[in-house]
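Novice: build me a model:
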Amino acid sequence: MGTITTKNPATEETLKSYDLMSTETAISEVEACHQAFLEWRKTTHEERGTHCRNIAKVLREHKEELAKLMTSEVGKLYKDGLTEVELCARIFEYSADHGPEALADEERTHSGGKKRGIVTYQPIGVIYSIQPWNFPLYQPVRVLAANLMAGNGCVLKHAEICTGSGIRLRELCIEAGLPEDIFKVIVIDHDTSDKLIEHKLVRGVTMTGSDRAGRQIGAAAAKALKKTVLELGSNDAYLVLDDADIETAVKFSTMGRLYNNGQTCVSAKRFVVTDKNYDAFVDAYVKAMADIPMGDPMDDDTKLGPLSSQDQFETVRDQVEESVKNGAKVLCGGEVPDRIGAYYPATVLGDVTPGMPAYDDEIFGPVAAVIRAKDDRDAMRIANDSRYGLGGGIFCTDEDHAIQLAREEFDTGMIRINSFGAADPNMPFGGVKDSGYGREHGGFGMKEFINAKAVFLPS
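Specialist: Numbers count the residues shown, from 1 in each chain. Sure thing, here's the model as predicted:
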């Protein structure tokens, strides 16, 4: 059936090889998950919550091991890996704390209020989770925790380059006492994946990745009448408005562009700056980005590690070169270092205009695109001039004005004001337009794959 081999993107050393499963083996894993679901769905919310808390405890006990594994597979900074493990533990705990209330039966009335009714939130079965490599633990956990609490089973197809992280997550869940078959990890190719989407025992599909892949998976699922949740990345705009505090804008713009080595769907990617602040922001921002030390992701002093793979490095390099060819100006970075590993420097591009990858597409690496706007109104127009709509940010000292723009005009699913962050268990996560649909976190994910069942009582 073939194999996949993982490599350390910082050292180019081979880590491990894994045999691909046959279609028959993968289907048998789905069938086993379904059988486990038939029992799991009978458990109470409190019992499921106990399992979630136990998993959180075991993840924390293995945080150093998990962080090192993620660093070796995808080049994530070790210190960021430790933070990721803690976030995953908090997600399991959030599900345990809030799941029973969010999923509790609701009493309602019908027939003009004369008769009683019950709305009960029931699980639907096996959820197929297709996840990317940029957060090897968090991406599968945000699906797993919500669906375990909802009473569903979960089958994970992780990205090839972090296969080891997916397998280790399942091992630790079992160590924490989770029934072995309610969470499965499969190692398969795309053709087998398509067959699983069609399989009658798969009741829902959730996927995080590119909009191109999302279209393919969403179409396959729709053909089989399967509900989907798709989180498809973005080219998030951060607005530096007329009354922005430049120091704050530079601080969080640097953090927002380089977090996770620039490989985050909600990274700050396009920086739309009004004429009033353009020169001051660009001067300070370019200096901050040019000073970023790049090096060993295991070193605490490193601020920027390698990209996740050589393929990802080549994609980022080509996107920058294409943007420059079309008129963008390299303000810092942009030159490939002469060293082993998939390293790409912190880069700022100026004179970015429509028709360039830096304007139109998602550059999944430490490359910032600076775009000039005439004023606040023009900045908002440029921000929304995108096929994507996941996240974004506003730098503005008038908080009420920023909230008004975020609420009424910013066409995205998430907006940060004078700050940057990736995800929080208590706030919904997801986007609009080509960034996909559906929501995770904040209690929303627990109800994406449930049957809101109406029970009508006679009196």
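
Novice: wait, residue 95 sits on residue 147?
Specialist: No: here residue 95 does not reach residue 147: they are 9.3 Å apart, not a contact under C-beta atoms under 8 Å. Glycine gets a C-beta too; all of them are placed from N, C-alpha and C.

Novice: return the distance of residue 450 relative to residue 131.
Specialist: As for residue 450, its distance to residue 131 is 21 Å (criterion: C-beta to C-beta, to the nearest Å).

Novice: equivalent analysis for residue 376, please.
Specialist: For residue 376, the distance to residue 131 - C-beta to C-beta - is 38 Å.

Novice: how about residue 454, phi and psi?
Specialist: Residue 454 adopts backbone torsions of phi -100, psi 130, taken as degrees, to the nearest 10.

Novice: contacts only, for it.
Specialist: The neighbours of residue 454, taking C-beta atoms under 8 Å, 6 or more residues apart in numbering as the test, are 117-119.

Novice: kindly report the same for residue 150.
Specialist: 99, 103, 121, 123, 446-447, 449-450.

Novice: identify the farthest-apart pair in these.
Specialist: Largest separation among those by C-beta to C-beta: 99 and 449, giving 13.5 Å.

Novice: between those two, which has more neighbouring residues?
Specialist: When residue 99 and residue 449 are compared for neighbours, residue 449 comes out ahead with 27 against 23, by other C-beta atoms under 10 Å.

Novice: that one contacts residue 126, correct?
Specialist: No: using C-beta under 8 Å, residue 449 is not in contact with residue 126; the gap is 9.7 Å.

Novice: okay, and the common contacts of the two?
Specialist: Counting by C-beta under 8 Å, 6+ apart, the common neighbours of residue 449 and residue 126 are 152, 203.

Novice: for residue 245, which non-adjacent residue is spatially closest?
Specialist: The spatially closest residue to residue 245, leaving aside those adjacent along the chain, is residue 397, at 5.7 Å (C-beta to C-beta, 6 or more residues apart in numbering).

Novice: what does residue 183 give?
Specialist: Nearest-residue entry for residue 183: residue 154, 5.1 Å, with adjacent residues in sequence omitted and distances by C-beta to C-beta, 6+ apart.

Novice: which stretches of the stretch 151-300 of the chain form strands?
Specialist: Across the stretch 151-300 of the chain, reading from the start of the chain, the strands by DSSP state E, counting those that start in this stretch fall at 153-157, 183-186, 202-208, 227-231, 237-240, 270-274.

Novice: how about the CA coordinates for the third one, as PDB?
Specialist: The C-alpha coordinates for strand 202-208 follow below in PDB (Å, rounded to 0.1, in the frame of the first residue of the first chain):
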ATOM      1  CA  VAL A 202     -19.600   8.400   8.600                       C
ATOM      2  CA  ARG A 203     -22.300  10.900   9.600                       C
ATOM      3  CA  GLY A 204     -20.300  14.100   9.500                       C
ATOM      4  CA  VAL A 205     -17.100  15.500   8.100                       C
ATOM      5  CA  THR A 206     -14.900  18.300   9.500                       C
ATOM      6  CA  MET A 207     -11.800  19.600   7.800                       C
ATOM      7  CA  THR A 208      -9.200  22.400   8.300                       C
END
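
Novice: which parts of stretch 170-178 are buried?
Specialist: Residues of stretch 170-178 classed as buried by neighbour count (16 or more other C-beta atoms under 10 Å): 170, 172-174, 176, 178.

Novice: okay, among the residues you listed, which ones form the most distant pair?
Specialist: The two members of the buried residues of stretch 170-178 with the most space between them (C-beta to C-beta) are 170 and 176, at 10.7 Å.

Novice: what does whichever strand or helix holds residue 30 contact?
Specialist: Following DSSP states H and E, one finds residue 30 within helix 23-40. With C-beta under 8 Å, 6+ apart as the test, helix 23-40 has contacts from 21, 48, 123, 125-126, 128, 148, 151-155, 179-184, 186, 188, 191-192, 195-196, 199, 201-202.

Novice: filter the residues you listed to the buried ones?
Specialist: 21, 48, 123, 125-126, 128, 148, 151-155, 179, 181-184, 186, 188, 192, 195-196, 199, 201-202.

Novice: quick one: residues contacting the residue nearest to residue 245.
Specialist: Residue 397 makes contacts with 243-245, 418, as judged by C-beta under 8 Å, 6+ apart.

Novice: how about 10 Å then?
Specialist: 241-245, 248, 418 (C-beta atoms under 10 Å, 6 or more residues apart in numbering).

Novice: so where's this protein uncertain?
Specialist: When the per-residue scores of the chain are filtered using pLDDT under 70, the ranges that remain are 1.

Novice: relative to residue 452, how far out is residue 103?
Specialist: 10 Å.

Novice: how about residue 210?
Specialist: With the distance defined as C-beta to C-beta, residue 210 ends up 31 Å from residue 452.

Novice: who has more neighbours, these two?
Specialist: Neighbours of residue 210 and residue 452, each counted by other C-beta under 10 Å, are more numerous for residue 210; the result is 17 against 10.

Novice: burial count for the closest residue in space to that one that isn't next to it in sequence?
Specialist: Once its chain neighbours are removed from consideration, residue 210 has its nearest residue in residue 233; the separation is 6.0 Å (C-beta to C-beta, 6+ apart). Taking other C-beta under 10 Å as the neighbour definition, residue 233 ends up with a count of 28.
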